[in-house]
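K.L.:
Turn this into a structure:
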Amino acid sequence: MIKLAVDAIPFFDYSDIEVKKGGISYSVDTLRELKKQYSELEFIIGYDNIFSFSTWKEPDEILKLAKIIVLKRKSSHPPQFEDKYYHLAVFVQTRE
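P.N.:
So this is what the prediction gives:
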């Protein structure tokens, strides 16, 4: 589905690294692999994920590997709290 969604957009790409690897997949490991191919990475997450980002495996390493882009909906509630990860992320308002 992702392939179909991004095929026509020249500045987007997709990867099947996690599918080929199998087993448990951590974002930091996937980003490490992608960093071998790309000098700059942007990692898109949903608004609700930024509030648990500190509990992810190696969140500081994720920040070193990629710019964190947070998709925010018009219906998103005000921040539950703001930590360093919240302040280092780039927020993008979606249409919905």
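K.L.:
For the lengthiest helix in the chain, which helices and strands make contact with it?
P.N.:
The single longest helix within the chain, with elements called by DSSP state H, is helix 27-35. With contacts taken as 3 or more Cβ pairs under 8 Å, 6 or more residues apart in numbering; DSSP states H and E, helix 27-35 sits against helix 17-21, helix 59-65. All C-beta spots, glycine's among them, are computed from the backbone N, C-alpha and C.
K.L.:
Need the winner for burial among the ones you listed.
P.N.:
helix 59-65 (a mean of 16; mean count of other Cβ atoms under 10 Å).
K.L.:
which stretches of this protein aren't confidently modelled?
P.N.:
In the prediction, the chain carries residues with pLDDT under 70 at positions 96.
K.L.:
got the residue ranges for the strands in it?
P.N.:
Ranges of strands in the chain, per DSSP state E, are 42-46, 67-72, 90-93.
K.L.:
how about these in JSON lines, adding mean neighbour count and distance to residue 5?
P.N.:
Rendered in JSON lines, the data for the strands of the chain read as follows (neighbours: other Cβ atoms under 10 Å; distance: least, Cβ to Cβ, whole Å):
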{"stretch": "strand 42-46", "mean neighbour count": "14", "distance to residue 5": "12"}
{"stretch": "strand 67-72", "mean neighbour count": "16", "distance to residue 5": "14"}
{"stretch": "strand 90-93", "mean neighbour count": "11", "distance to residue 5": "17"}
